[in-house]
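Undergrad: below are the sequence and a predicted model for it; my questions follow.
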Amino acid sequence: PHLEKCTRASAAFAHLQSTGLLAQCTVLPGRPATVAELLTAHTQRHIDEVAALTRAAQEEPTNRSLREPDGKGGIYYSSEADACAKIASGSVIKAVMAALDSHASDT
């Protein structure tokens, strides 16, 4: 089975909330990474490939070979994979920038 599950993030969020750690954090809204930001870590070819595999999963949602091009247990592409990857990347960038801004204002 694939290790990514739709409940992973919500379970982590619930755990942080139940331990009281979330109350000590600033919750930032997510945002998608720009192509320019993605290009600092990935090639244009990779960005295009993720977009193409996402489109293929949208066009043929029951074709498992399109969803798992590297085989069972590999990267899983859904109809929202491209958008999710961009939001995850952009959100990390936003969190890092917020931490840097906070650190700069503390000094």
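TA: Okay, I see it.
Undergrad: and for the helix or strand of the chain with the lowest mean pLDDT, what's in contact with it?
TA: Ranked by mean pLDDT, DSSP states H and E, the weakest helix or strand in the chain is helix 64-67, scoring a mean of 80. Counting contacts by CB atoms under 8 Å, 6 or more residues apart in numbering, the residues outside helix 64-67 that touch it are 53, 56, 57, 60, 76, 77, 78. For the C-beta atoms, the positions are set from N, CA and C on the backbone; glycine is no exception.
Undergrad: just the buried residues of it, please?
TA: Taking 16 or more other CB atoms under 10 Å as the neighbour-count basis, helix 64-67 is seen to contain the buried residues 66, 67.
Undergrad: farthest-separated two in the contacts of helix 64-67?
TA: Across these, no pair lies farther apart than 60 and 76, at 14.6 Å, counting by CB to CB.
Undergrad: looking only at neighbour counts, state which of those two leads.
TA: residue 76 (16 against 12; other CB atoms under 10 Å).
Undergrad: can you read off the pLDDT for that one?
TA: At residue 76 the predicted local distance difference test score is 79.
Undergrad: now it. Its backbone dihedrals?
TA: When quoted as degrees, to the nearest 10, the phi and psi of residue 76 stand at phi -110, psi 120.
Undergrad: any idea how far it lies from residue 89?
TA: Per CB to CB, to the nearest Å, residue 76 is found 17 Å from residue 89.
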